[in-house]
Every structure is written in C-alpha cells, then in structure tokens.
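Enquirer: Here's a sequence, model it:
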Amino acid sequence: MTRGMTKKQVPKQRKSIIEQALLISERVQLEDVRLIDCHCHQEPIAAEGKKTAHIKHSTQVHANKNTGYVAVIPKFQLQAFTESQSSKPIISIDASFLLTYKLKDFDGLTKKGFVAFGDMNGVYNAWPYWREFVQNTIARMGLPTLTIPVFRIASSKESPSASK
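Expert: Okay, here's the model as predicted:
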C-alpha cells in the first residue's frame, strides 16, 4: 500500500497556516468594504466571438495592534481572450478593494496567520463585490454578460475561469 495524500487530506504545513488564519477569522468583525482602484479596457473586437476569461488575485495585509484594525487589500484581475487572439487580452478589468476588520485581541497571532487570513477570508469576503463590479462593468462596456464563478479556497492564486 502506498502512502500518499488523498484529495481531502491537507499537508501539515498548510493545515498549520489555515489554523493560524482561523484564529484571526474567529476574532474579527468586518467593518468596511471600499473600492479603492479600478481599470477596464476592451479592444474594438471584444464583442465578437467566443471568449475565455481568467481571473487572478493577490492580497496585501496590514495589521495594526495600536488601532486594533486589520486592513486587507485584495486585487483582482480579469483577462478575456478569443481563440484567435490568445496572446493579448481583448477585455481586461482590474479592481482593488480595501476591507477593514476590527480585531480586539492580537495575542498569539502571527504575520503568517495574517497573510493566510488575507488570502482566504479577505478574498472570500471581497469576492461578491468583485463579481458585482465585473457584471456591471461588462454591461457598461456594452458587452454580453459574463458570469464570474463562486470563489473556492485553493492553494493557487488563480481562480476558476469565468464563463462567457
């Protein structure tokens, strides 16, 4: 019998980071969500043909024990391509949000835990705002609807592709 991980098993190191993020998520209260930066662009041919879209995200986290606040800045990027235009995106939408959390107790929390919290909870909490932003922006750009998938916590910083 070989010893390997099944799909449901989580490596010890990853489990430890998730546990650190959970310590923070149990103690915080989301107080504010703001759009702080955005950009969109479409090529003249953007409304034509079948498209595939890819979404990437990154986060920044700033924890301040003195004020009791944690700021998470998730940045999202959507790029859509056609079959004939696979090297250069014909649609791009970028947006960054500022999520402000109140945290009363910083005891036992680590920098790695705050980073994991931002990558998981911060992105998860901002995802509905991102989906709504993309849907409205696509409509304002005069393009056919685009459905952003639900957010799934994964080991990668690349999210599932959007459907068109």
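Enquirer: which regions of the chain sit below the pLDDT cut-off?
Expert: Low-confidence segments of the chain (pLDDT under 70): 1-15, 154-164.
Enquirer: at 80 what do you get?
Expert: Of all residues in the chain, those with pLDDT under 80 make up the ranges 1-15, 84-86, 152-164.
Enquirer: show me where it has helices.
Expert: 12-25, 111-117, 123-140 (DSSP state H).
Enquirer: Show residues contacting stretch 113-130.
Expert: Outside stretch 113-130, the residues within contact range by Cβ atoms under 8 Å, 6 or more residues apart in numbering are 17-18, 20-21, 23-25, 28, 30, 33, 35, 57, 59-61, 63, 70, 72-74, 76, 95, 97, 99, 148, 150-151, 153, 157. No exception for glycine: its C-beta is placed from N, CA and C like everyone else's.
Enquirer: before we move on, the earlier item: in JSON lines: the helices of the chain, plus mean neighbour count.
Expert: Output for the helices of the chain, formatted as JSON lines (neighbours: other Cβ atoms under 10 Å):
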{"stretch": "helix 12-25", "mean neighbour count": "16"}
{"stretch": "helix 111-117", "mean neighbour count": "20"}
{"stretch": "helix 123-140", "mean neighbour count": "18"}
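Enquirer: So for Ile90, which of these sits nearest?
Expert: helix 123-140 (12.5 Å; Cβ to Cβ).
Enquirer: export that closest one as PDB, just CAs?
Expert: What follows is helix 123-140, C-alpha atoms only, in PDB (Å, rounded to 0.1, in the frame of the first residue of the first chain):
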ATOM      1  CA  VAL A 123     -10.500  37.400  -0.900                       C
ATOM      2  CA  TYR A 124     -13.600  35.400   0.100                       C
ATOM      3  CA  ASN A 125     -15.200  38.500   1.700                       C
ATOM      4  CA  ALA A 126     -14.400  40.700  -1.300                       C
ATOM      5  CA  TRP A 127     -15.500  38.200  -4.000                       C
ATOM      6  CA  PRO A 128     -19.200  39.200  -4.100                       C
ATOM      7  CA  TYR A 129     -18.100  42.800  -4.600                       C
ATOM      8  CA  TRP A 130     -15.700  41.800  -7.300                       C
ATOM      9  CA  ARG A 131     -18.400  39.700  -9.100                       C
ATOM     10  CA  GLU A 132     -20.900  42.600  -9.000                       C
ATOM     11  CA  PHE A 133     -18.200  45.000 -10.200                       C
ATOM     12  CA  VAL A 134     -17.300  42.800 -13.200                       C
ATOM     13  CA  GLN A 135     -21.000  42.300 -14.100                       C
ATOM     14  CA  ASN A 136     -21.800  46.000 -14.000                       C
ATOM     15  CA  THR A 137     -18.600  46.900 -15.800                       C
ATOM     16  CA  ILE A 138     -19.200  44.400 -18.600                       C
ATOM     17  CA  ALA A 139     -22.700  45.800 -19.000                       C
ATOM     18  CA  ARG A 140     -21.500  49.400 -19.100                       C
END
